[in-house]
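no FASTA, just this:
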């Protein structure tokens, strides 16, 4: 297990380094600079001074080296657009909000997605099954930026149940979390249903029935545990979806999360903000994928064994 | 052991399945009874309804497609065919247990063996975890698994094929049921392990007095373990009797065919095995007369059009065949005379 964690850690570092490198050079390949706003160039001396201050006058590889040097000290640098602010501070301000929203959305998606999928499988080819699958198809086909304005229109504007936007009380969380979770609910529900249908025909389910176990025990203990595995696999990618999706949702609901800084960073060509948020999100995702891998072994003991065997 | 007390009485059992092609009559009017401590073998080829018969006793036929269309399954004064599902759950695993052919797929791969044994104990005996664990260790010892304490924490993939089947048996026996139904328990095992499992069945029966219904198409297994045999064909019991009578004095042509198709160690290898030609009839529309008539070397005109009645051969040995009719016996003698020369 330790050697597995160690090897995973190395590959995580390599992945992160690749992401950093590609993002860094791609970002600099895009024409324009932080000091050109809407085509209006700054006074030449001012621009030169600013470039010198941010090391932007040095060759690209030197800049890249300097960036990495700071990064290993967990210093993401000052904001290019607003030198009073650092990227570390932005993340410290924005991430707790984004994390809270993302976590609620993911939990909501897992609970209702799995629930919907299980119910659909147990009532296979009946009304509830069809209804659940219609919801699922809608969820997969309608993007969150369409769901969000619809939610605002009905829940906030017409029925006045919830506040329209911004952040603060729990009422502010409901609509963005719903909008974020809608797609993932659909995906999880479909996947759970398919897997449940397959698992329910397995012979060990019949054995469980032959033991006289109650239907609820059979479904939760014997069927769901085996059906949930592909959902867990999907979870890594799904969380990525929710987190990146939250950029758009945060913008729509005017939530002061990471997404705000990220979007503003791109518009302003704020190099260090773009880099900083990308690195931060990538590191987070890579870590989540690792967590999913570990979870996998806990749910299915066979996987743990194979890992040991492959370690020799 | 007193093997005269009647434990289970199946009478007139009919089971049908709804399929896209129509209704399949999988079990057609099956009756038999079983005494305490007895081992009953149900034999027959694939699709003859032997597994369905067993699953009907447990009421484990798939709900939406299959149903018990008629008959009764009397057990301890209750008709299992009509018992509400909730009461049936109290019987399953406690009074009647079942083990399946392939332990690899019949046990849950993601739950530890101990948990799978203990959940039955906790469910039916309403005891705590530590008592359940003690019983689980005891039952694993009974079925011959070494180091039961440490084995409890392990998972299915950490056991060999024979061990898995032993665990299946342990799970089935843990609540000391009065009937154990074993659906092809040795088919997925290699021959040496088969013999071990059969011996295990015998020793368990001696120790616990459980009645066993064993479903198999392996007559070798039947010879080793069974007290009585039901031979099934196309959803019906065609011949039934004590194991010696079935092996040494088979009456139904199908039983004779089954016995003749068995490979023998002492046979001349140049002589090929003699299978029963043809295939079983379509159970969407069962034939009017005897279902075996189309494959039977001795079929008479009457066989194709009328169901044969059950007749008693000797003691508890009975058979459903027109050849038992005194008129047929005469005719058969006449028919066989010219071919014999």
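Nice, thanks for sending it over. Please read all numbers here as calculations on a predicted model, not as lab measurements.

hey, let's count contacts and neighbours off CA atoms from now on
OK.

what does the model give the closest residue to chain A within the stretch 101-250 of chain B for pLDDT?
Nearest to chain A in the stretch 101-250 of chain B, going by C-alpha to the nearest C-alpha, is residue B:106, at a distance of 4.0 Å. Residue B:106 is assigned 92 on the pLDDT scale.

Let me know how buried it is, in neighbour terms.
For residue B:106, the count of nearby residues is 20 (other C-alpha atoms under 10 Å in any protein chain shown).

Which residue, neighbours along the chain excluded, lies closest to it?
Excluding the flanking residues, the one nearest residue B:106 by C-alpha to C-alpha, 6 or more residues apart in numbering or on different chains is residue A:204, at 4.0 Å.

for that neighbour, what are its contacts?
Residues near residue A:204 by C-alpha atoms under 8 Å, 6 or more residues apart in numbering or on different chains: A:222, B:105-108.

Give me the phi and psi for residue B:75.
When quoted as degrees, to the nearest 10, the phi and psi of residue B:75 stand at phi -140, psi 120.

My error: substitute residue B:251 in the last question.
phi -110, psi -40.

how near is it to residue B:166?
36 Å (C-alpha to C-alpha, to the nearest Å).

Then residue A:275?
60 Å.

Go ahead and list the helix or strand containing the residue nearest to residue B:106.
helix A:203-210 (DSSP states H and E).

now do residue A:262
Short version, using DSSP H and E: residue A:262 is in helix A:258-267.

Around chain A, which positions in chain B sit nearby?
Residues of chain B lying close to chain A (C-alpha under 8 Å from any C-alpha of the partner chain) are B:58, B:60, B:88-94, B:97-100, B:105-111, B:120, B:123, B:155, B:157, B:172.

Can you flag which of these belong to helices?
If you go by DSSP state H, these have B:58, B:88-91, B:105-106, B:120, B:123, B:172 in helices.

What ranges does the stretch 151-300 of chain A have for its strands?
With DSSP state E, counting those that start in this stretch, there are no strands along the stretch 151-300 of chain A.

low-confidence ranges in it?
A:244-245 (pLDDT under 70).

For burial, what's the neighbour tally of residue B:318?
Residues near residue B:318, counting by other C-alpha under 10 Å: 23.

Show me which of the residues of chain B next to chain A are buried.
B:58, B:60, B:88-94, B:97-100, B:105-111, B:120, B:123, B:155, B:172 (16 or more other C-alpha atoms under 10 Å in any protein chain shown).

Contacts only, for residue A:277.
Counting by C-alpha under 8 Å, 6+ apart, residue A:277 has contacts A:87, A:91, A:258, A:262.

Pipe these into TSV and attach distance to residue B:216 and neighbour count per row.
Shown next, in TSV, are those (distance: C-alpha to C-alpha, whole Å; neighbours: other C-alpha atoms under 10 Å in any protein chain shown):
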residue	distance to residue B:216	neighbour count
A:87	73	22
A:91	68	21
A:258	66	25
A:262	68	22
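
near chain B, which residues of the stretch 101-250 of chain A?
Checking the stretch 101-250 of chain A against chain B by C-alpha under 8 Å from any C-alpha, the hits are A:202-207, A:209-214, A:222, A:225-226.

Swap in 10 Å and give it another go.
Contact residues (C-alpha under 10 Å from any C-alpha of the partner chain) of the stretch 101-250 of chain A with chain B: A:201-215, A:217, A:221-223, A:225-226.

and those, which are buried?
Here, 16+ other C-alpha under 10 Å leaves A:202-213, A:222-223, A:225-226 buried among those.

Closest one to residue A:174 out of the residues you listed, please.
residue A:225 (29.2 Å; C-alpha to C-alpha).

longest helix of chain B?
Max-length helix for chain B by DSSP H is helix B:191-208.

For the stretch 201-341 of chain B, which residues score under the pLDDT cut-off?
Short version for the stretch 201-341 of chain B, where the test is pLDDT under 70: B:336-341.

cutoff 80 now
B:264-269, B:271, B:328-329, B:331-341 (pLDDT under 80).

how many neighbours does residue A:44 have?
Counted with other C-alpha under 10 Å, residue A:44 comes out at 9.

which residues touch residue A:303?
A:293-294, A:296-297, A:309, B:110 (C-alpha atoms under 10 Å, 6 or more residues apart in numbering or on different chains).

and of these, the nearest to residue B:298?
When the contacts of residue A:303 are compared against residue B:298 (criterion: C-alpha to C-alpha), the nearest one is residue B:110, at 53.5 Å.

what pLDDT does that closest one get?
Looking at residue B:110, its pLDDT reads 89.

Any chance of the backbone angles for the residue lying closest to it once chain neighbours are set aside?
Using C-alpha to C-alpha, 6+ apart and skipping residues adjacent in sequence, the residue nearest residue B:110 is residue A:300, 5.3 Å away. As for residue A:300, its main-chain torsions (degrees, to the nearest 10) stand at phi -120, psi 100.

looking at it, residue A:300 is touching residue A:225, isn't it?
Yes: assessed by C-alpha atoms under 10 Å, residue A:300 is found in contact with residue A:225 at 8.4 Å.

Show me what the one helix or strand residue B:212 maps to pairs with in its sheet, parallel or antiparallel.
Secondary structure from DSSP H and E places residue B:212 in strand B:211-216. Applying DSSP bridges, strand B:211-216 is found paired with strand B:39-43 (parallel), strand B:179-183 (parallel).
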